[in-house]
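Colleague: let me see the structure of the following:
(one chain, ligands or ions: 1)
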Amino acid sequence: MVLAAVGQICSTASITSNLAQCQLLVKKAAAAGAKVLFLPEASDYIASSAEQSYSLAKSSERDSFVSALQKDAVQQKIHINVGIHEVASESRLRNLLIWIDDQGAITQSYQKIHLFDVDIKDGPCLKESANVQPGPQIPKPFETPIGRVGLSICFDLRFPEISLALRRQNAEIITYPSAFTVPTGKAHWESLLRARAIETQSYVIAAAQAGPHNEKRRSYGHSVIIDPWGEVLADLGDEYQEPQIATADIDLNLVAKIRREMPLLRRHDLYPEF
Ligand SMILES: O=C(O)CNC(=O)[C@H](CS)NC(=O)CCC(=O)C(=O)O
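Modeller: Model prediction:
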């Protein structure tokens, strides 16, 4: 069994203070004996406007954010999965999730494929597609020290097609780094995450932003690690005053046992479109 850590922070528009939060969590995770640390979506920053987001993505602080974590990964001998922004064109960004290995190399990256465009009465109104370009593909799961990982981001959680595609390619652990809104988080977060774990018979690791990012925006928190039976092994609640980690052992024998005891054999003849 290998230990995984999930981290919870509250990013703002200050990349340097967000980096300090992440670096503290890298130290905590390594000290706890974790081999991988999972950090939230948009760990580099959460901006208060599309314009501010674009200019932060272009800044040198954004580059230093990534290179500092690459150095830390080597120093602390830990793999880091972290959500960031990247410039895609003259006007648009990528919402990106990268894997930094313990040699400091970026070995995987995934560009969020479902963008969060909502206008809920008395609730959040966000148009991610205004300045973010959707990703072109479902990424291939890859081997890591805790098992075979499939990458997804936040709103992707609502689309079981992706998690099933990752499962079909033998993912054992699925990630959902997030910055969920508070009302949608209360209503759906844990149910969706547990459903994805249960239906894919995989571990689900969801690092979450928590608390107020600016006057207009706040995130739900509740970073969790869920086992392939759907049991919540760790939950960081809505804590945001102090960056936190939670850890859990990843037991690939449990994944194999659950899949063996309850084979979910699909009827592709009846739903060939999936
Ligand atoms: O804005 C950034 O810089 C980073 N991106 C995000 O925080 C994204 C897009 S606004 N948030 C979500 O997808 C929340 C989904 C959600 O809350 C739900 O599905 O209910």
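Colleague: quick one: end-to-end length of stretch 229-246, please.
Modeller: Stretch 229-246 has its terminal residues 19 Å apart, counting by CA to CA, to the nearest Å.
Colleague: looks to me like residue 258 is in a strand.
Modeller: No: under DSSP: H, G, I helix; E, B strand; the rest coil, residue 258 falls outside any strand and is assigned helix.
Colleague: you'd agree it is up against residue 202?
Modeller: No: contact between residue 258 and residue 202 fails when scored by CB atoms under 8 Å: they sit 9.2 Å apart. Every residue, glycine included, has its C-beta placed from N, CA and C.
Colleague: can you check which residues contact both of these two?
Modeller: The contact sets of residue 258 and residue 202 overlap at residue 228 (CB atoms under 8 Å, 6 or more residues apart in numbering).
Colleague: who's more crowded, those two?
Modeller: Neighbours around residue 258 and residue 202, counted as other CB atoms under 10 Å, are more numerous at residue 202. The numbers are 28 against 18.
Colleague: OK, contacts around that one?
Modeller: By CB under 8 Å, 6+ apart, the contact set of residue 202 is 150, 163, 166-167, 171-174, 196, 228, 255.
Colleague: wait, does the least confident helix or strand in the chain by mean pLDDT contact the ligand?
Modeller: None of the helices or strands of the chain scores lower by mean pLDDT, DSSP states H and E than strand 125-127, at a mean of 88. Yes: for strand 125-127, a contact with the ligand is found by CB under 6 Å from any ligand atom, at residue 126.
Colleague: make 67 the first number, not 1, from now on.
Modeller: Sure, I'll start counting at 67 from here, so that last one is strand 191-193.
Colleague: and stretch 82-90, does that touch the ligand?
Modeller: No: Stretch 82-90 lies out of reach of the ligand by CB under 6 Å from any ligand atom, never closer than 11.3 Å.
Colleague: isn't residue 206 up against residue 235?
Modeller: Yes: Residue 206 is within contact range of residue 235, at 6.1 Å (criterion: CB under 8 Å).
Colleague: I'm done for today, thanks for sticking with me.
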